[in-house]
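Novice: show me how the following folds:
(chains A, B, C and D)
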4 protein chains.
Amino acid sequence: MNTIGHLFRLTSFGESHGKGIGGVIDGFPAGIDIDTAFLQGELARRRPGQSPLTTNRQEADELEILSGIYDGKSTGCPIGFLVRNSNQHSSDYAELEDLFRPSHADYTYYEKYGIRDHRGGGRSSARETVARCVAGAFAKLALRQKGITIQAYTAQVGDIALDKDYRKYDLSLVESNDVRCPDPEKARQMARVIQEVKAEGDTIGGIITCVIKGTPAGLGEPVFGKLHAELGKAMLSINAAKGFEYGAGFAGAGMKGSEQNDTFIPDGKGGITTAANHSGGIQGGISNGQDIYFNVAFKPVATILKEQSTVNRKGEAITFKAKGRHDPCVLPRAVPIVESMAAIIILDNYLQYRARYQF
Amino acid sequence: MNTIGHLFRLTSFGESHGKGIGGVIDGFPAGIDIDTAFLQGELARRRPGQSPLTTNRQEADELEILSGIYDGKSTGCPIGFLVRNSNQHSSDYAELEDLFRPSHADYTYYEKYGIRDHRGGGRSSARETVARCVAGAFAKLALRQKGITIQAYTAQVGDIALDKDYRKYDLSLVESNDVRCPDPEKARQMARVIQEVKAEGDTIGGIITCVIKGTPAGLGEPVFGKLHAELGKAMLSINAAKGFEYGAGFAGAGMKGSEQNDTFIPDGKGGITTAANHSGGIQGGISNGQDIYFNVAFKPVATILKEQSTVNRKGEAITFKAKGRHDPCVLPRAVPIVESMAAIIILDNYLQYRARYQF
Amino acid sequence: MNTIGHLFRLTSFGESHGKGIGGVIDGFPAGIDIDTAFLQGELARRRPGQSPLTTNRQEADELEILSGIYDGKSTGCPIGFLVRNSNQHSSDYAELEDLFRPSHADYTYYEKYGIRDHRGGGRSSARETVARCVAGAFAKLALRQKGITIQAYTAQVGDIALDKDYRKYDLSLVESNDVRCPDPEKARQMARVIQEVKAEGDTIGGIITCVIKGTPAGLGEPVFGKLHAELGKAMLSINAAKGFEYGAGFAGAGMKGSEQNDTFIPDGKGGITTAANHSGGIQGGISNGQDIYFNVAFKPVATILKEQSTVNRKGEAITFKAKGRHDPCVLPRAVPIVESMAAIIILDNYLQYRARYQF
Amino acid sequence: MNTIGHLFRLTSFGESHGKGIGGVIDGFPAGIDIDTAFLQGELARRRPGQSPLTTNRQEADELEILSGIYDGKSTGCPIGFLVRNSNQHSSDYAELEDLFRPSHADYTYYEKYGIRDHRGGGRSSARETVARCVAGAFAKLALRQKGITIQAYTAQVGDIALDKDYRKYDLSLVESNDVRCPDPEKARQMARVIQEVKAEGDTIGGIITCVIKGTPAGLGEPVFGKLHAELGKAMLSINAAKGFEYGAGFAGAGMKGSEQNDTFIPDGKGGITTAANHSGGIQGGISNGQDIYFNVAFKPVATILKEQSTVNRKGEAITFKAKGRHDPCVLPRAVPIVESMAAIIILDNYLQYRARYQF
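Specialist: Here you go, the predicted model:
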């Protein structure tokens, strides 16, 4: 299932060490101005080698749009695109052909398909997220016409965590540091943690928070297509994601109804707002017009540069040590990926909403 | 979007105070023996009024199967079913027609559809989960033929939480207490918390853990249909769910790769197992044959029997106090719902796996 | 796959001799006035026993709506419905349990599922089309708000065929005779043919034409979701349908481009029309605002009251003679079914069109 | 909707005068040997310029596979592919920018999207079928492992029609002439008709017959996913297709049940066969193991090299005369396209069948 979305759909393809990563964006509205510098800029936010905190692999990640644009505007026809791979060292993976790396997808792909492209993880590599960022960038172009903006940031790395909620930070600072954290001091601490684990040949996990502003009330398709369920699925489909929560989330499990309930109040402009926003902008699976916010937990990268035990294809216990160029922490580069998946889901739901609203 | 699943699909309908809750189960394999006592028993696990910890509404919840069964076996044709409502007090809701209850779906349904059935929350009521339990019970019948079992339990209520992982408990004890917690002492503490908040007219949230045993390696459809992403979506679509995590989950965000990685080891029977199972039985979105386990966070029930502030349809600030019969805590009754959604997703993925496996 | 449609969806269930036929209509817009007399009237057009030309089975076909309506209007929530079976003579089918009737689905269901409900054809019975007529009637309610109307009629029975195109007939006459043919003289001839084959214990096929007026230009989703492809699929899914053609259709295969091309001309009101309409109102898979029209071929009913040869489950050659009450010709009762499937497809495409139009 | 299929899916993109035509094939089983010469050969069967009967445009149509293959075998991961355009003369279309060609999609695309790529018809061009042939060729590779073969041929051009059914011809002769007709004498007559209309600057329609052999009983998903309904949709989605019929089809509308019914007889090998095959190998929407056969009607190509009347964007009546290199008759090149769409549908249904068969 390499397609996500109902009315706005991304179908992706490509492997880490194949010819490239690409996809087809279907259902994009016609007549949208295509800002190619913005698209390429979004890819740059995800690009390896962008800072000392990421892998030093250098991928140009040049986006070639193959269809669906005419005269600088979207035509309503499917947008094919391709980002060719350029800087693979497949030889780094030669000795991995016969073993199953711990916490990677080597074993499960082999069991499911009976064959696998072991080079760089093949299809299971996070390089696949290139396609998500392309589609997400397109979705952002459409959403900003409607006043909808999406901003994610790194909220935790290892045990360094932001202790306040997103409203307490200046989110315009997110891009001002390599970690993509809106608190400059915490960003420095997180960067230090990442460099420490990198020096050890180890890796570290973390949490990303994402905030969506400007959605109208009414997005989301109960009961199985609740907006947060669609967002959750999209986030959990990102490599290394292990958890999703929105609004009060897991912490809210310990609260009473009288504490967590969001009192409605007049907004002074003839509309309605909520005193708090424990609902995370979604009630009964439908956006209520308040900010939507959620967290995504990421595990540490499974590839570490330390000796590990595992088994080979014959089922024999062996040890091995990975080579190659790997991220010590995915969080900084995962920020644009989280935003992209959010943009895909929000645009898809916006189109579904338009289909029936005030028929 | 009142349908979930690809090859095994549930389409549901019905409102809290309408004629009933029903649905269509499509894609169920032919030739499965239909144990109707089991089906009715699963509904009984979800039924209101089953213990002092739940609402004292009494719903018979009698299942009428309308099609798809012949001679006690499934025919491969769609299974229509209906559970009629019987014990509604719609008058309890009369004064709610013009106001928006805090943290309910009243406001968002009204904004989305321009009309709503205010009685008991209409379609947004958790009464809708009757259909999930019916479909889940059917799915369990098919899965048990393949040796796959699913068991959920209450792991936290308010601030009373199990402190050990599922392997440390005897899960056969889950049904031995009203809370559905495998630790009898914790169950007593949780029951006490529920009764305290009930006495206050308040409500409380919690966490459910679910464990799936016996899946073969190979279930899950990368990249957007990862098994945990499908499970996450299904869980988040349950009323009051606010978070989902699998394996090491959010806690794993603070771990290093060297700590979280699951070392593969020979299982002594010619196969492979893992030393730990931080992966939660899923790697790269595909089951690896180990136990699958995950947590779902539930917020406290939004209906409390205390006076609350809100606004009415005209946007005026008002106060109100809910009447009616409500659960102080959804956790005990949510246990079979979580299992049901898991069963639906696992059967759906099992069928997809069969479609292409060893072609 | 018992679901049809993307944004407007019907999921159906039920067998000929089971408890009834029902379904779930999902994605119906909110706020539509539900005219229940109209809904029941549409069912009456399909009902057996309505004239001497149809089977004399008497089914009340009372529609029970189970959800999705409040205060006489649609709520945007799924509409569950049920029409209970009432007049089955299952004993008529007892001897069929072990044999495969020629040109029925007995053999294929048995091979596919390993089990079948032989009574009245079970799920393969045309009684299933009750659900189509219910959903179609709902769709018509929404479409008429947009000025879109759908009218089908019997154009051929056996070798009695209308020789002019739909524009030459007064379609308001369709319901004035039992055959549902707009040419009263041809209708009489067709009725005679039907009564003759009925007297012989035989059956006869025919062709239905359907005309859709009032669609805006722009419905249809290229390239695989072309409007005529969706219509074709919907028509071919009706029991006994063997062919579909739109516009010039099969006859156009013998024409030259210079003959078949539809010259565009100004419509005198600032818009555009076509001189002829060989395109059948659809160009490149998208409606052009002209009338949409198409033909559907139906084979003769497979159940005849003559002795036939076949084989039994053991593969032995046998003879048998069907009992029971059967239609000598499906055409008159298929007219509302064709309209219903057209209404479902047009509403579904109308919603898809709204989703992105002039974003 | 640029995706077709459920478990085996093609998503395509590209325009006539854009960078190329490509797509993503998803759900292809793993471990299939990929015969690239066969794939390229299938494209050659569709290629323009292959004979005097087709357009003399020369497109190399070189297939680049971008993913999903490793070591000469499919990996189960999505197969991205691209065929770059090479021989466009966009200037031939310059004067078409402001007018709507009769019976083309110019007007409808403009109305639907508000913008269109007028060069060569853009997305509505039959060049899009390149992607269908690539996916169809892959599907054939999988199907031939299961003994399923698909053969189409030209059965009618203008008023020259084969007068016998497919069993009377030697289908191995299809590729022996430029028309792709198994009757060499009729092929010569058809070729003459095509050359005559070409000389006039006109075009001509026709009919293609397709025969599928070797399917097991059991393919097809009632009730809305009947095998012939899926085949019909797929065929009608091909450019210029105007009709579809299977088995006895439209001619069968004039037959009696006693004539059209397919008597089952023992096949002498312990199985069952039918005396005739008016059912076209499909009963109740499910394959019965007999040959599946159907016809597809194609209209004449809309681009003729004669002066025609039409209107421009301002709604003014004008005349114009098309330039460029166009097919006088699509039939010869449509034969592999029909086969490809059949292969896609059959493989998709084969996978669905495997999912649940003998669970």
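
Novice: excluding chain neighbours, what is closest to the closest residue to chain B within the stretch 251-359 of chain A?
Specialist: Using CB to the nearest CB, residue A:284 is the residue of the stretch 251-359 of chain A that sits closest to chain B, at 2.3 Å. Heads up, the C-betas are built off the backbone N, CA and C, glycines and all. Using CB to CB, 6 or more residues apart in numbering or on different chains and skipping the chain neighbours, the partner closest in space to residue A:284 is residue B:105 (2.3 Å).

Novice: contacts only, for that neighbour.
Specialist: A:222, A:283, A:284, A:285, A:286, B:121, B:124 (CB atoms under 8 Å, 6 or more residues apart in numbering or on different chains).

Novice: make it 10 Å
Specialist: Residues counted as contacts of residue B:105 (CB atoms under 10 Å, 6 or more residues apart in numbering or on different chains) are A:220, A:222, A:226, A:282-286, A:288, B:112, B:116, B:121-125, B:239, B:302.

Novice: in helices only, show me those residues.
Specialist: Among the contacts of residue B:105, the ones falling in helices (DSSP state H) are residue B:112.

Novice: now the contacts of residue B:105: which count as buried?
Specialist: Buried by 16 or more other CB atoms under 10 Å in any protein chain shown: A:220, A:222, A:226, A:282-286, A:288, B:112, B:116, B:121-125, B:239, B:302, out of the contacts of residue B:105.

Novice: which ones among the contacts of residue B:105 map onto strands?
Specialist: A:282, A:283, A:286 (DSSP state E).

Novice: can you list these in TSV and add distance to residue C:172?
Specialist: Compiled in TSV, the ones in strands among the contacts of residue B:105 are given as follows (distance: CB to CB, whole Å):
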residue	distance to residue C:172
A:282	50
A:283	49
A:286	44
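
Novice: from the residues you listed, pick the one nearest chain C.
Specialist: Looking across the ones in strands among the contacts of residue B:105 and measuring by CB to the nearest CB, the closest to chain C is residue A:286, at 10.7 Å.

Novice: does that closest one really touch residue B:124, like I thought?
Specialist: Yes: with contact defined as CB atoms under 10 Å, residue A:286 reaches residue B:124; the gap is 8.8 Å.

Novice: anything in contact with each of these two?
Specialist: A:222, B:105, B:108, B:109.

Novice: how about these, which pair is most distant?
Specialist: By the measure CB to CB, A:222 and B:108 form the most distant pair in those, at 9.1 Å.

Novice: need the strands for the stretch 101-250 of chain A, in chain order.
Specialist: Shown for the stretch 101-250 of chain A, the strands assigned by DSSP state E, counting those that start in this stretch span residues A:149-157, A:160-161, A:206-213, A:241-246.

Novice: contacts for the shortest one next, please.
Specialist: With CB under 10 Å, 6+ apart as the test, strand A:160-161 has contacts from A:154-155, A:179, A:181, A:183, A:186-194, A:204, A:206-207, B:253-254.

Novice: residue contacts, residue A:255?
Specialist: With CB under 10 Å, 6+ apart, residue A:255 has these contacts: A:248, A:261, A:278, B:158, B:159, B:203, B:204, B:205, B:299, B:300.

Novice: what about it, distance to residue A:243?
Specialist: According to CB to CB, to the nearest Å, residue A:255 stands 19 Å off from residue A:243.

Novice: and the pLDDT at residue A:36?
Specialist: Looking at residue A:36, its pLDDT reads 96.

Novice: I meant to write residue A:326 there.
Specialist: 86.

Novice: if I pick it, what's in contact with it?
Specialist: So residue A:326 contacts A:48, A:54-57, A:92, A:198, A:201, A:203, A:301-305, B:257 (CB under 10 Å, 6+ apart).

Novice: repeat for residue A:341
Specialist: Residue A:341 touches A:4, A:10, A:129, A:132-133, A:135-136, A:139, A:150, A:152, A:210, A:230-231, A:233-238, A:241, A:296, B:224, counting by CB under 10 Å, 6+ apart.

Novice: and the gap between it and residue D:80?
Specialist: 20 Å.

Novice: how about residue A:30?
Specialist: Counting by CB to CB - residue A:30 and residue D:80 are separated by 24 Å.

Novice: next one: residue A:128
Specialist: For residue A:128, the distance to residue D:80 (CB to CB) stands at 12 Å.

Novice: more crowded one of the two?
Specialist: residue D:80 (32 against 26; other CB atoms under 10 Å in any protein chain shown).

Novice: run through the bridge partners of the more buried one.
Specialist: Residue D:80 forms beta bridges with residue D:24, as assigned by DSSP bridges.

Novice: wait, doesn't it sit right on residue A:21?
Specialist: Yes: between residue D:80 and residue A:21 there is a contact at 8.7 Å, judged by CB under 10 Å.

Novice: where does the stretch 1-150 of chain A have low pLDDT?
Specialist: Applying pLDDT under 70 to the stretch 1-150 of chain A flags no residue at all.
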